[in-house]
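Visitor: Give me a 3D structure for the following:
(chains A and B)
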2 protein chains.
Amino acid sequence: MSKIDYKQAGVDYGKIDPLKILAQRAAAATAGNLQRHGLTEIAASRGESAYLVDCGDFLLASITECLGTKALVADATRQLTGRTYYDLIAQDTLAMAINDLITVGATPVSVHAYWAAGGSGWFDDAKRAQDLVDGWRAACDRCGVAWGGGETPALAGVVVEDRIDLAASCVGLVRPRTRLTLGERLAPGDQIVLLASSGIHANGVSLARKLAERLPAGYGTRLPDGSLYGEALLAPTTLYAPVTEALFQAGIVPHYQANITGHGWRKIMRHQATLTYRFHTLPKVPEVLRFLQHETGSDDRAAYGNLNMGAGYALFVAAGDAERTVRIAADAGVPALLAGRVEAGPKQVVIEPLALTFGADDLHVRA
Amino acid sequence: MSKIDYKQAGVDYGKIDPLKILAQRAAAATAGNLQRHGLTEIAASRGESAYLVDCGDFLLASITECLGTKALVADATRQLTGRTYYDLIAQDTLAMAINDLITVGATPVSVHAYWAAGGSGWFDDAKRAQDLVDGWRAACDRCGVAWGGGETPALAGVVVEDRIDLAASCVGLVRPRTRLTLGERLAPGDQIVLLASSGIHANGVSLARKLAERLPAGYGTRLPDGSLYGEALLAPTTLYAPVTEALFQAGIVPHYQANITGHGWRKIMRHQATLTYRFHTLPKVPEVLRFLQHETGSDDRAAYGNLNMGAGYALFVAAGDAERTVRIAADAGVPALLAGRVEAGPKQVVIEPLALTFGADDLHVRA
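Guide: The predicted model follows:
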């Protein structure tokens, strides 16, 4: 089978990025509006995964994120098995927002659901609707957030018929302010703890869908471990808020945190500091990602540069906190690995076991 | 021309509502999660237009809202005139979120954009993208909010090709807590000040689109005042935050507030109290709504029960504050009218000049 890359899979970052840059610049120019209310923004949060407003005793964090196209995988796999999987993609959607929000040190407080269907008919399917509601609630309970409300529009003509556009917004508090983890203390000598992913999460799904089109059995293809490709893709994204809350309770404030989503391991160098991130140990690669890499003919550079490859979230902690961080994460139900360290040096991610390096030029997430 | 009603226009509230009720019940059950963080929800905010969490010295308000299908009107009208109108529908999208958030007494602080396109190609149109960014920023500036960030996914297969699903989330603070306007003080004797709408805003758009399909000249039809139907529909939703902030600065805290959106004037009785809302004076009906009512063969019950008919926002204030409220709104750039009063009596909206009454059975917005 010939190689598949991201442009073939329908996502052309070169086209989206100019708009993103326009929007980021215009957004930054609105910061002064907060003065009318006696507030200021935390300027360093622009370019990070959640936005922060300084409210004096506390910081207000907010984020809006979408699921992407993973609902299409659920819809197709349902044709094979009869399960709706909307309980699982509900968790994915919330994870996209919550896992970003917590990177700045915030406790997630409340979420809103955004479920935009391709027409009123979408809601006729009572089982699917019930699964969506049940999964959403369970993920809220796991993260200790209140589900505040939401929007369930029927958007015939905007959303494709019998499809749904799922997104979530999340609000949180950094309180006390000393919980802030924007990276001021990130420094050589810090250790990098990687939290395990459950599978593809919700990034790289366009590539995975493209592969399904090419496989003779599509989502019904059996992986080496016997699972169905479609079901393996639908393993829900791990929720990392229980770990970050447990760390805070234990008195550990990471120096920096990165949610590993689009851009894969390149996201590890998201902070603007000039530092080298060197890995000596790699997490186990989930079966579905190993399969995806192999079947799409991707080399390690393409795989680790776009997929999480087993590492869903990175914690950069003081060397003395590293072992305890691993234990606390495991106690909170998330396998963790002391995988690397921060060093003085050029901005790069060095993955020694694979002899693979990503340089600063490989990542552009800021205007 | 025969009558058009909402079901024909593609929105079947009977189908959406069962899911809404499921979701509302599940959401309410997550309130206890806040205890882990030493927080509680303001239970009375459930069923209101924004969700509130009690954080001690302040209340945290949040909301997510979508534009609906108004982008389709912009796309079609652009074919006639060459303007994109995305600066205007950007304002509409923000208004949907901000005008809801302020009803609880919150100062809007920051917003996130959610712009989900039907494919990367949507972003190729630089003029349209620039208008969207410019309009979004201008609306933020008018409301004194910081644009914190956003999400711009390309969702081929979920969003229709060359269309975009626009939504906004907004976070705010009720600080001091005495600004809270959930209606505890709403009582007979209160006066009702109506703030003018600019046109259809973003509710009733499905009906307006259906009408465009039936008109021989479609969106190019001239209204009696000479304007194009499409352009008249695209008058951007009035932003009411400058009024609510000016009222607070002047020491006026309304007893209750209602954003008049879907369900039109029925929304005026949204509070759960058993009270009669009696109107003696009506605002001027925008030309486009008069045209829409006439051409769809809607009677006053259908028109006032589904469209804003000139009243975009209702302020319920102490009798002694009413005249000053009207002046402060006008000074903030929004025409206002002392239009009615709150009375003891059954739950109903009585519009005397039209001999029209909506009873409690006409509105179901709570689980």
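
Visitor: for the stretch 151-300 of chain A, what spans make up the strands?
Guide: With strands called from DSSP state E, counting those that start in this stretch, the stretch 151-300 of chain A shows them at A:164-174, A:191-196, A:256-259, A:276-279.

Visitor: Minimum distance to chain B: which of the ones you listed has it?
Guide: strand A:164-174 (3.7 Å; C-beta to the nearest C-beta). (Each C-beta comes from the backbone N, C-alpha and C, glycine too.)

Visitor: how far off strand B:164-174 does that closest one point, in degrees?
Guide: Interaxial angle, strand A:164-174 versus strand B:164-174 (axes from the mean of the first three to the mean of the last three C-alpha atoms, to 10 degrees): 30 degrees.

Visitor: Helices of the stretch 51-200 of chain A, residue ranges please.
Guide: A:70-81, A:86-101, A:126-143 (DSSP state H, counting those that start in this stretch).

Visitor: before we move on, what about the stretch 201-350 of chain A?
Guide: Under DSSP H, counting those that start in this stretch, the stretch 201-350 of chain A gives helices at A:205-214, A:229-233, A:241-249, A:287-295, A:300-306, A:322-331.

Visitor: can you redo these as CSV with mean neighbour count, mean pLDDT and distance to chain B?
Guide: Shown next, in CSV, are those (neighbours: other C-beta atoms under 10 Å in any protein chain shown; pLDDT from 0 to 100; distance: least, C-beta to the nearest C-beta, whole Å):
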stretch, mean neighbour count, mean pLDDT, distance to chain B
helix A:205-214, 20, 96, 8
helix A:229-233, 25, 98, 15
helix A:241-249, 20, 98, 8
helix A:287-295, 20, 98, 19
helix A:300-306, 20, 97, 15
helix A:322-331, 18, 98, 16
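
Visitor: With A:Pro176 as the reference, name the closest of these.
Guide: helix A:241-249 (9.8 Å; C-beta to C-beta).

Visitor: Alpha carbons of the closest one, as PDB, please.
Guide: C-alpha atoms of helix A:241-249 as PDB (Å, rounded to 0.1, in the frame of the first residue of the first chain):
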ATOM      1  CA  ALA A 241      -7.500  16.100  35.300                       C
ATOM      2  CA  PRO A 242      -7.500  13.400  38.100                       C
ATOM      3  CA  VAL A 243      -3.700  13.300  37.900                       C
ATOM      4  CA  THR A 244      -3.200  17.100  37.900                       C
ATOM      5  CA  GLU A 245      -5.600  17.500  40.800                       C
ATOM      6  CA  ALA A 246      -3.900  14.700  42.700                       C
ATOM      7  CA  LEU A 247      -0.500  16.300  42.100                       C
ATOM      8  CA  PHE A 248      -1.700  19.600  43.500                       C
ATOM      9  CA  GLN A 249      -3.100  17.800  46.600                       C
END
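
Visitor: follow-up on the earlier one: the helices of the stretch 51-200 of chain A: which one's closest to A:Ser227?
Guide: Nearest of the helices of the stretch 51-200 of chain A to A:Ser227, taken as C-beta to C-beta: helix A:70-81 at 11.4 Å.

Visitor: low pLDDT regions in the stretch 51-200 of chain A?
Guide: For the stretch 51-200 of chain A, no stretch has pLDDT under 70.

Visitor: Only the buried residues of stretch A:156-163, if you could.
Guide: A:Ala156, A:Gly157, A:Val158, A:Val159, A:Val160, A:Arg163 (16 or more other C-beta atoms under 10 Å in any protein chain shown).

Visitor: I'd like the distance between A:Ile89 and A:Arg46.
Guide: 30 Å (C-beta to C-beta, to the nearest Å).

Visitor: The two: who's more crowded?
Guide: Neighbours were counted for A:Ile89 and for A:Arg46 using other C-beta atoms under 10 Å in any protein chain shown; A:Ile89 has more, 28 against 18.

Visitor: What distance do you get for the more buried one to chain B?
Guide: A:Ile89 is 12 Å from chain B, where distance means C-beta to the nearest C-beta, to the nearest Å.

Visitor: follow-up on the earlier one: indicate which one of the helices of the stretch 201-350 of chain A is closest to B:Gly204.
Guide: Judged by C-beta to C-beta, the one of the helices of the stretch 201-350 of chain A that comes nearest to B:Gly204 is helix A:205-214, at 35.9 Å.

Visitor: Check the offset of that closest one from the chain's centre.
Guide: Its chain's C-alpha centre lies 19 Å from the corresponding centre of helix A:205-214 when counted by C-alpha atoms, centre = their mean, to the nearest Å.

Visitor: So for B:Thr107, which of the helices of the stretch 201-350 of chain A sits nearest?
Guide: Of these, nearest to B:Thr107 by C-beta to C-beta is helix A:241-249, at 27.4 Å.

Visitor: which strands and helices sit next to the closest one?
Guide: strand A:107-117, helix A:126-143, helix A:322-331 (3 or more C-beta pairs under 8 Å, 6 or more residues apart in numbering or on different chains; DSSP states H and E).

Visitor: any idea of the angle that helix forms with strand A:107-117?
Guide: Between helix A:241-249 and strand A:107-117, the angle comes out at 170 degrees (the same axes, to 10 degrees).

Visitor: mind checking how far helix A:241-249 is from the chain centre?
Guide: The answer for helix A:241-249 is 17 Å, by C-alpha atoms, centre = their mean.

Visitor: same thing with stretch A:306-322?
Guide: So, by C-alpha atoms, centre = their mean, the centroid of stretch A:306-322 is 13 Å from its chain's centroid.

Visitor: Which one, of the helices of the stretch 51-200 of chain A, ends up nearest to A:Ala360?
Guide: Nearest to A:Ala360, of the helices of the stretch 51-200 of chain A and by C-beta to C-beta, is helix A:86-101 at 22.0 Å.

Visitor: coming back round to it: of all the helices of the stretch 201-350 of chain A, which lies closest to A:Asp125?
Guide: Closest among those, using C-beta to C-beta: helix A:229-233, at 18.4 Å.

Visitor: which helices and strands sit right next to the closest one?
Guide: helix A:70-81, helix A:205-214, helix A:287-295.

Visitor: Give me the buried stretch members for the first one, please.
Guide: Pointing back at helix A:70-81 there. For helix A:70-81, the neighbour count (16+ other C-beta under 10 Å) marks A:Lys70, A:Ala71, A:Leu72, A:Val73, A:Ala74, A:Asp75, A:Ala76, A:Thr77, A:Arg78 as buried.

Visitor: Report the contact partners of the second one.
Guide: Which is A:Ala71. A:Ala71 makes contact with A:Tyr86, A:Ile89, A:Arg163, A:Ile164, A:Leu166, B:Val158, according to C-beta atoms under 8 Å, 6 or more residues apart in numbering or on different chains.

Visitor: cool, and the fourth one?
Guide: With contacts defined as C-beta under 8 Å, 6+ apart, the neighbours of A:Val73 are A:Tyr85, A:Val205, A:Ala208, A:Arg209, A:Ala212, A:Tyr219, A:Gly230, A:Leu233, A:Leu234.
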